[in-house]
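Chemist: my questions concern the predicted model and sequence given below.
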Amino acid sequence: MAKLKAAIIGSGNIGTDLMVKLGRSEYLELTAVIGIDPQSDGLRRAREAGYAGVDTGIDGFFEQGLEADIMFDATSAKAHIYNDKLCQERGIKMLDLTPAAIGPYVSPAVNVDEHLDKRNINMITCGGQATIPMVAAINRVSNVVYGEIVATISSKSAGPGTRANIDEFTETTSKAIEVVGGADKGKAIIILNPAEPPIMMRNTVYALVEEGTMNEEGIRESIKEMEKTVQSYVPGYHLRAEPIFEGNKVTVLLEVKGAGDYLPEYSGNLDIMTSAAVRIAEEFAKKELKETV
Amino acid sequence: MTIERDIQITEVALRDGSHAVRHQYTVEQVQDVTKGLADAGVPYIEVTHGDGLAGSSLQYGLSKVNDIKLIEAAVDVAGDSKIAVLLLPGIGTIEDLKEAASVGAKMVRVATHVTEADVAPQHIAMGKELGMEAVGFLMMAHMAPIEKLVEQAKLMESYGADIVYMTDSAGYLLPEQVTERINALRQELQCEIGFHGHNNLSMAMANSVAAIKAGATRIDGSVRCFGAGAGNTQTEALVAVCERMGIKTGIDLYKIEDLAEEVVAPLLPVTPTITREAITLGYAGVYSTFAYHAKRAGEQFGIDARDILIELGKRQVVGGQEDMIIDVAAEMARAKAVASK
């Protein structure tokens, strides 16, 4: 079966986990992992797995005449702006796992169909990927006037980029709760927990629905359905307890266990980002392949 | 005229005490208390939601009045006293800090879990850029070995913090443990050291005295113990103790006592006492704000709040994880239902 060609920019933890996931894809063929450090463990792994390991950045990738229809960018917001420009010139679709947010925020469980034609897609944040589907699940039944999420991740799975720019997490996630989740107002909180052994990613969603629109049965069903939808690309995603209803407030407790591909299982926060990005790329590939047949 | 002070006391009743009133402070209450504190000569007064700037949330409790409004109201009547704000990166942001500075806040206390100082550099740097005094506030200090505490305190200092606090958020530490920690910090840091205690095990005063003796020069207190859990070191008693020790706080004893008795006490929904839940906080090493939520979750799920708190302690839950209380209570209720079948 025909596949679209994909490449990964960034040979760190995220890039390497993407590599493992793309290796299993029926719709995408990984060609190269692009880094800037010749000593990088990720590039060594890429070469061992039979992919091109480029250590001279995106420029090196093009200079070597390598090809891709889709790029996954797991570098930084700053590097992404440069990478995106080069890809745009060449008509390559970009999946942005950095906070740059040049393109629209997308969750595969919520709004992927609206944005499959966009050239650049932003993956929001890990907390956003984990919680916004539930905000949307509630909002499709009863209008959510306020959506608040709390993401707790193990200290070990919060990299230096997240730590140095923690406001980016709260600001981006809050905005996406509104834009993608459909809440009139969004708020996000992130907590790092250093417990040993490391904790699984834990998320709580609180939603206030418009007075008089609460439909407990409908919301409960919608939440369960959404759990299944997310599980189709993140099998370790699950409710920790039955949704709690108090007045016009709904509380959803979630846990994300990672697939343990390259990253440890407790890094559900990173796994949900890579899994969601791969899912979006696959949806795009399915559509492209169908259209070209 | 400059007042001579050996230590600088920060009054936290209008921030830590925000928990005790479920974040329902009004502009009038904040102004009444601030006026009294300023008149008594308290150098720093912290005014923010209990969980810091932008803490108003379903997770921690919604504020009746927005932080910035309360800060502005306090600044208006603060006289020579400086208004401080708390900021927890992950909850509040640099934008919130800029707003607080624009209405006159003069000190920012950037609070992180004791092992996570590296989420604070941007906020501390912004505080300095805005002309504020910046404090690195290391919470739940009992949860890390002393070497780790020192390492994290040095990070805070390296980001530009003028003061680093060792914060006993759970009211867990005993006086000799405070002495050890402050001594270690004193030896390794150039900046001033602070201590913030909770009275859950009735140790707040003894711990504050231990901290002062070991060289801490910044101490937090709350009038009438108006703080989370069993409250903090009682400010008016601390002023009296310091006078006996020959340590100048610059605070007028009678005036702060009168404020506590006549203005603050009537505000209190319940007199702060060391309840069974509060003792459990200190005993299990759990964040002091959890008592209220655990009590509520306990009633909701039919579980003893103390059992919930002890389980949270075992799971090494940190400050801010209030959602884990319902999670754990729901899990315990399920286990109980299974066991009784």
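Modeler: Received the coordinates, thanks. The structure presented is a predicted model; accordingly, all values stated were derived computationally and were not measured.
Chemist: near chain A, anything from the particular helix or strand that has residue B:156 in it?
Modeler: Element membership for residue B:156 (DSSP states H and E) is helix B:146-158. No - Helix B:146-158 stays clear of chain A (Cβ under 8 Å from any Cβ of the partner chain), getting no nearer than 9.5 Å. In this view, the C-beta of every residue, glycine as well, is placed from N, C-alpha and C.
Chemist: for the top helix by length along chain B, packing partners?
Modeler: Counting by DSSP state H, the longest helix found in chain B is helix B:323-339. Under the contact definition 3 or more Cβ pairs under 8 Å, 6 or more residues apart in numbering or on different chains; DSSP states H and E, helix B:323-339 sits against strand A:144-154, strand A:201-209, strand A:249-256, helix B:290-301, helix B:305-314.
Chemist: can I get those in a markdown table with mean neighbour count and distance to residue B:2?
Modeler: Output for those, formatted as a markdown table (neighbours: other Cβ atoms under 10 Å in any protein chain shown; distance: least, Cβ to Cβ, whole Å):
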| stretch | mean neighbour count | distance to residue B:2 |
| --- | --- | --- |
| strand A:144-154 | 26 | 45 |
| strand A:201-209 | 26 | 48 |
| strand A:249-256 | 23 | 51 |
| helix B:290-301 | 20 | 40 |
| helix B:305-314 | 21 | 45 |
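Chemist: got CSV for these, with distance to residue A:176 and mean pLDDT too?
Modeler: Output for these, formatted as CSV (distance: least, Cβ to Cβ, whole Å; pLDDT from 0 to 100):
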stretch, distance to residue A:176, mean pLDDT
strand A:144-154, 10, 97
strand A:201-209, 13, 97
strand A:249-256, 16, 97
helix B:290-301, 27, 94
helix B:305-314, 30, 97
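Chemist: give me the contacts around the helix or strand of chain A with the lowest mean pLDDT.
Modeler: Here the helix or strand of chain A ranked lowest by mean pLDDT, DSSP states H and E is helix A:160-164, holding a mean of 86. Residues from elsewhere that reach helix A:160-164, judged by Cβ atoms under 8 Å, 6 or more residues apart in numbering or on different chains: A:76, A:169, A:192, B:116, B:118-119, B:121-122.
Chemist: so what's the residue count around residue 231?
Modeler: Going with chain A. 13 (other Cβ atoms under 10 Å in any protein chain shown).
Chemist: was after chain B, sorry
Modeler: Neighbours of residue B:231 (other Cβ under 10 Å): 32.
Chemist: in a markdown table, list the helices and strands packed on helix B:323-339 along with distance to residue B:53.
Modeler: Formatted as a markdown table, the helices and strands packed on helix B:323-339 follow (distance: least, Cβ to Cβ, whole Å):
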| stretch | distance to residue B:53 |
| --- | --- |
| strand A:144-154 | 16 |
| strand A:201-209 | 19 |
| strand A:249-256 | 23 |
| helix B:290-301 | 21 |
| helix B:305-314 | 25 |
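Chemist: quick one: closest of these to residue B:71.
Modeler: Closest approach to residue B:71 among those (Cβ to Cβ): strand A:144-154, 22.4 Å.
Chemist: strands paired with the closest one, and their directions?
Modeler: strand A:185-193 (parallel), strand A:201-209 (antiparallel) (DSSP bridges).
Chemist: can you give me the strands for the stretch 101-250 of chain B?
Modeler: B:107-113, B:133-139, B:163-167, B:192-196, B:218-221 (DSSP state E, counting those that start in this stretch).
Chemist: quick check, the first one touching chain A?
Modeler: In this case it means strand B:107-113. Yes - against chain A, strand B:107-113 shows contacts by Cβ under 8 Å from any Cβ at residue B:113.
Chemist: ok, now the second one?
Modeler: No - contact of strand B:133-139 with chain A (Cβ under 8 Å from any Cβ) is absent, the minimum separation being 11.6 Å.
Chemist: what residues does that strand touch?
Modeler: When contacts are defined by Cβ under 8 Å, 6+ apart, strand B:133-139 is touched by residues B:82, B:84, B:86, B:106-114, B:117, B:120, B:124, B:127-128, B:149, B:152-153, B:155-157, B:159-167, B:169, B:194, B:196, B:218, B:287, B:318-319.
Chemist: sheet-wise, list the partners of it with their directions.
Modeler: strand B:107-113 (parallel), strand B:163-167 (parallel).
Chemist: highest average neighbour count across those strands?
Modeler: Stretch with highest mean neighbour count among these: strand B:107-113 (a mean of 28; mean count of other Cβ atoms under 10 Å in any protein chain shown).
Chemist: what about the residue nearest to residue A:201 when sequence neighbours are not counted, neighbour count?
Modeler: Of all residues not flanking residue A:201 in the chain, residue A:268 sits nearest, at 3.7 Å (Cβ to Cβ, 6 or more residues apart in numbering or on different chains). A count of nearby residues for residue A:268, using other Cβ under 10 Å, gives 31.
Chemist: what residues are up against residue A:268?
Modeler: Neighbours of residue A:268 in contact, by Cβ under 8 Å, 6+ apart: A:130, A:200-201, A:234, A:236-237, A:255-258.
Chemist: could you chop the chain up by domain?
Modeler: All of this is about chain A. Split into domains by automatic domain parsing, chain A comes to A:4-123+A:272-292, A:126-266.
Chemist: ah, I was thinking of chain B
Modeler: B:8-267, B:289-339.
Chemist: any idea of the mean pLDDT in the longest one?
Modeler: When you say that, I think you mean domain B:8-267. Domain B:8-267 shows a mean pLDDT of 98.
Chemist: what residues does chain A have near chain B?
Modeler: Residues of chain A lying near chain B (Cβ under 8 Å from any Cβ): A:146, A:148, A:150, A:152, A:155, A:160, A:163-167, A:169-171, A:187, A:189-196, A:199, A:202, A:204, A:206, A:208, A:240-242, A:244, A:249, A:251, A:253.
Chemist: now with 7 Å?
Modeler: A:148, A:150, A:152, A:155, A:163, A:166-167, A:170-171, A:187, A:189-195, A:204, A:206, A:240-241, A:244, A:249, A:251, A:253 (Cβ under 7 Å from any Cβ of the partner chain).
Chemist: okay, the closest residue to residue A:159 other than its chain neighbours and residue A:252: tell me how far apart.
Modeler: Leaving aside its chain neighbours, residue A:159 sits nearest to residue A:13 (7.3 Å; criterion: Cβ to Cβ, 6+ apart). As defined by Cβ to Cβ, to the nearest Å, residue A:13 lies at a distance of 28 Å from residue A:252.
Chemist: same check on residue A:24?
Modeler: Taken as Cβ to Cβ, the span from residue A:24 to residue A:252 is 30 Å.
Chemist: all helices in chain B, in order from the N-terminus.
Modeler: Counting by DSSP H, the helices of chain B are B:16-20, B:27-40, B:67-77, B:94-102, B:121-129, B:146-158, B:175-188, B:204-213, B:235-245, B:253-258, B:276-284, B:290-301, B:305-314, B:323-339.
Chemist: same list (these) but as TSV, adding distance to residue B:7.
Modeler: Output for the helices of chain B, formatted as TSV (distance: least, Cβ to Cβ, whole Å):
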stretch	distance to residue B:7
helix B:16-20	18
helix B:27-40	15
helix B:67-77	22
helix B:94-102	25
helix B:121-129	22
helix B:146-158	18
helix B:175-188	12
helix B:204-213	6
helix B:235-245	7
helix B:253-258	15
helix B:276-284	24
helix B:290-301	29
helix B:305-314	31
helix B:323-339	35
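Chemist: so of those helices, which one's packed in deepest?
Modeler: helix B:16-20 (a mean of 28).
Chemist: quick one: pLDDT of residue A:2?
Modeler: At residue A:2, pLDDT is 87.
Chemist: disregarding residues adjacent in the polypeptide, which is nearest to it?
Modeler: residue A:289 (5.6 Å).
Chemist: check which helix or strand the one you found maps to.
Modeler: Counting by DSSP H and E, residue A:289 is part of helix A:268-292.
Chemist: ok, the closest residue to residue B:73 other than its chain neighbours - contacts?
Modeler: Spatial nearest neighbour of residue B:73, excluding adjacent residues (Cβ to Cβ, 6+ apart): residue B:27 at 4.5 Å. Applying Cβ atoms under 7 Å, 6 or more residues apart in numbering or on different chains to residue B:27 gives the contacts B:65, B:69-70, B:73.
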